[in-house]
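Q: pasting a predicted model and its sequence here:
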There are 4 protein chains.
Amino acid sequence: MRSKGGSLDPADYVFSHDLRVRFAETDAMGIVHHAAYLPYLEEARVEYLRAVDHPYQTLQAEGTDIAVLEASVRYLRALRFDDLVRVHLVSCNATRTTFELDYLLTVDGVPCSTAFTAHACVNDRGRPVRLPEWLAGLATRPSTHR
Amino acid sequence: MRSKGGSLDPADYVFSHDLRVRFAETDAMGIVHHAAYLPYLEEARVEYLRAVDHPYQTLQAEGTDIAVLEASVRYLRALRFDDLVRVHLVSCNATRTTFELDYLLTVDGVPCSTAFTAHACVNDRGRPVRLPEWLAGLATRPSTHR
Amino acid sequence: MRSKGGSLDPADYVFSHDLRVRFAETDAMGIVHHAAYLPYLEEARVEYLRAVDHPYQTLQAEGTDIAVLEASVRYLRALRFDDLVRVHLVSCNATRTTFELDYLLTVDGVPCSTAFTAHACVNDRGRPVRLPEWLAGLATRPSTHR
Amino acid sequence: MRSKGGSLDPADYVFSHDLRVRFAETDAMGIVHHAAYLPYLEEARVEYLRAVDHPYQTLQAEGTDIAVLEASVRYLRALRFDDLVRVHLVSCNATRTTFELDYLLTVDGVPCSTAFTAHACVNDRGRPVRLPEWLAGLATRPSTHR
């Protein structure tokens, strides 16, 4: 079924953030509900921006928001309550107004999921604006998620 | 343990709204996660305001928001995936700037939960404002939840 | 950026389900949070199975669960609190053990989002099992989401 | 309106856990949605059990689950995106089969919320079972939340 998606090698990512699965994120199949992954990606994005010294709130203070244009997740191995999840990410494919991120989620080094999000910078009326240079400059390689 | 909480008799409530449990709202115990009840109460509040011809968005258009001051839920019987839940509610105890609601959740007529929320009307800077008369007028009895 | 994704024409879908946006599903950008779309798709899937007389709980009673292998959403126009969202869906590309669904979300007939999910039937130990014939038979066309 | 609720003095609590507000947890009022607090309390409970060397998963492995009987939250000051929240907690009022917890949420030392949860230990069929001695022994004082 389709392409195999993003790289399973943590070395292909430039940043990682650890988080622990909450019980509230599980579902009646005993595993993390598939919708709960998107806030994990978002939390990792926020920590990535902080790590590169451009916290999201600074962007917002400058009147720029980061809109989500697309999100895609492949579920390879279930995550479970209390798992310590490492979210690896890398910035890809920046254009004048958009950028993309690839993600790999691992537990104890075992790949559990890959994901991809595409974003646009928008002003406070939701209109696309040019990416700040530092943000465009984060893109290090094309996305491999598709 | 403490008082027995709100009335289990649907006749003590003035409005009801039906909703169906989503799979996303269950947890690894196989039942609806306890945090998922609060959006159920909120959905019922929104439908109640619509039913009394004061939809929430009209309030917002007038610059008034309804803040949550307190929320309390008693879990009597588990809700499960695909259950059709009837949320009964009644407005209680309005003051100049606050009002309260009591709730009863039933499935097939069987009480599963009671709940209570307290609210204030606030302006767009989050400052308390006087309740609109129609809203104060909805309060029909003291809360029995505690 | 990439392909344009799924069809924006409701006539390309075979089923639709209406739901109303909850306040709890909005975020501080004033719109529906992007993670909230996945439970919308799930709710539509559950109603689709009910509509074709194979409710999800019957599947579960037969020891079969439907796992999510992949989910992908394109966000075209923001959804907002209290919007009445129509989720259109169509089953695509069944294999021996997997099937896919394409989705279109509209508000007042205006396309707001397209989405795609891929699924496998699994037994109660999470192992892939052959799709029931009726489920494989629902697939009416290839996915256009990518 | 009613009693003022739980103690605002961190010294009245025995354990604290820090977490950061996710963007996904905010709502269109620009603050953390009131339902998002319950998973914060749950996360703190899980870390508390880990800190006293009885991780939740050990309980589960012994066939015991912790059901939520009641949850109550008072919202004093809004939490916002990216806030670093300290959840203070203390165990209260254990009986043969139930126990309670009081909580205080602070940001930069400023009280933002108090909360209370009541729990029962149940077996894998959901029937109440006697509290393990270590769990009953954690209760250090009566609840002050009401």
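A: Thanks, I have the structure now.
Q: please name every helix or strand in contact with the biggest helix by length in chain A.
A: Longest helix in chain A, counting residues (DSSP state H): helix A:37-51. Under the contact definition 3 or more CB pairs under 8 Å, 6 or more residues apart in numbering or on different chains; DSSP states H and E, helix A:37-51 sits against strand A:15-20, helix A:56-61, strand A:65-75, strand A:84-92, strand A:98-107, strand A:110-122. From N, CA and C alone the C-beta is placed, and that goes for glycine too.
Q: tell me what angle it forms with strand A:110-122.
A: Angle, helix A:37-51 to strand A:110-122, by axes from the mean of the first three to the mean of the last three CA atoms, to 10 degrees: 70 degrees.
Q: what does the pLDDT read for the residue nearest the centre of chain A?
A: With distances taken as CA atoms, centre = their mean, residue A:41 lies nearest the centre of chain A, 3.8 Å away. Residue A:41 carries a pLDDT value of 98.
Q: what's the distance between the residue in chain A sticking out farthest from the centre and residue D:101?
A: Distance from the C-alpha centroid of chain A, by CA atoms, centre = their mean, peaks at residue A:28 (25.6 Å). Counting by CB to CB, to the nearest Å, the separation of residue A:28 from residue D:101 is 25 Å.
Q: and if you look at residue A:38?
A: Residue A:38 sits at a distance of 30 Å from residue D:101 (criterion: CB to CB).
Q: same deal with residue A:58?
A: 37 Å.
Q: quickly find the element holding the closest residue to residue A:102 other than its chain neighbours.
A: Residue nearest to residue A:102 in three dimensions, not counting chain neighbours: residue A:6, with 4.7 Å by CB to CB, 6 or more residues apart in numbering or on different chains. Under DSSP states H and E, no helix or strand contains residue A:6.
Q: so what's the residue count around the closest residue to residue A:92 other than its chain neighbours?
A: Excluding the flanking residues, the one nearest residue A:92 by CB to CB, 6+ apart is residue A:143, at 4.1 Å. The number of residues packed near residue A:143 is 22, by other CB atoms under 10 Å in any protein chain shown.
Q: thought residue A:143 was touching residue A:114?
A: No - between residue A:143 and residue A:114 there is no contact under CB atoms under 8 Å: 10.4 Å.
Q: mutual contacts of the two, please.
A: Residues touching both residue A:143 and residue A:114 (CB atoms under 8 Å, 6 or more residues apart in numbering or on different chains): A:6, A:102.
Q: kindly report the residues of chain A close to chain B.
A: A:23-24, A:26-28, A:30-31, A:33, A:35, A:80-81 (CB under 8 Å from any CB of the partner chain).
Q: any weak-confidence spans in chain A?
A: Scanning chain A for pLDDT under 70 picks out the ranges A:1-4, A:146.
Q: show me which residues of it are close to chain C?
A: A:1-2, A:29, A:34-36, A:38-39, A:42, A:65, A:67-75, A:78, A:93, A:95, A:98, A:100, A:118, A:126, A:146.
Q: for residue A:29, which non-adjacent residue is closest in space?
A: Spatial nearest neighbour of residue A:29, excluding adjacent residues (CB to CB, 6+ apart): residue C:65 at 6.0 Å.
Q: pairing partners for that neighbour in the sheet, please.
A: Applying DSSP bridges to residue C:65 yields these beta-bridge partners: residue C:122.
Q: now it: how far from chain D?
A: Distance, residue C:65 to chain D, by CB to the nearest CB, to the nearest Å: 19 Å.
Q: close enough to count as contact, that residue and residue C:120?
A: No - applying CB under 8 Å as the test, residue C:65 and residue C:120 come out as separate, 9.3 Å apart.
Q: show me which of residue A:58 and residue D:101 is the more surrounded one.
A: Per other CB under 10 Å, whichever of residue A:58 and residue D:101 has more neighbours is residue D:101, with 25 against 12.
Q: quick one, what contacts the more buried one?
A: Applying CB under 8 Å, 6+ apart to residue D:101 gives the contacts D:41, D:45, D:89-92, D:116-117, D:119.
Q: rerun that using 10 Å as the cut-off
A: If a contact means CB atoms under 10 Å, 6 or more residues apart in numbering or on different chains, then residue D:101 has D:13, D:15, D:41, D:44-45, D:48, D:71, D:89-93, D:115-119, D:138-139, D:143, D:145 as its contacts.
Q: does residue A:119 touch residue A:64 like I think?
A: No - using CB atoms under 10 Å, residue A:119 is not in contact with residue A:64; the gap is 11.2 Å.
Q: and these two? Which one has more around it.
A: residue A:119 (22 against 18).
Q: separation between that one and chain B?
A: 24 Å.
Q: burial measure for the nearest residue to that residue once chain neighbours are set aside, as a count.
A: Nearest residue to residue A:119 in three dimensions, chain neighbours excluded: residue A:66, at 5.1 Å (CB to CB, 6+ apart). By other CB under 10 Å, the residues close to residue A:66 number 22.
Q: quick one on the thing from earlier: who touches both of residue C:65 and residue C:120?
A: Joint contacts of residue C:65 and residue C:120 (CB under 10 Å, 6+ apart) are C:126, C:129.
Q: pull out the buried positions in stretch A:48-63.
A: Across stretch A:48-63, burial judged by 16 or more other CB atoms under 10 Å in any protein chain shown covers A:48-50, A:54, A:56, A:59-60.
Q: check stretch A:5-23 too.
A: For stretch A:5-23, burial by neighbour count (16+ other CB under 10 Å) applies to A:5-8, A:13, A:15-17, A:19, A:21-23.
Q: for those residues, give me JSON lines that also has distance to residue B:132.
A: Shown next, in JSON lines, are those (distance: CB to CB, whole Å):
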{"residue": "A:5", "distance to residue B:132": "53"}
{"residue": "A:6", "distance to residue B:132": "52"}
{"residue": "A:7", "distance to residue B:132": "57"}
{"residue": "A:8", "distance to residue B:132": "57"}
{"residue": "A:13", "distance to residue B:132": "53"}
{"residue": "A:15", "distance to residue B:132": "50"}
{"residue": "A:16", "distance to residue B:132": "51"}
{"residue": "A:17", "distance to residue B:132": "46"}
{"residue": "A:19", "distance to residue B:132": "43"}
{"residue": "A:21", "distance to residue B:132": "44"}
{"residue": "A:22", "distance to residue B:132": "38"}
{"residue": "A:23", "distance to residue B:132": "40"}
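Q: lovely, talk soon.
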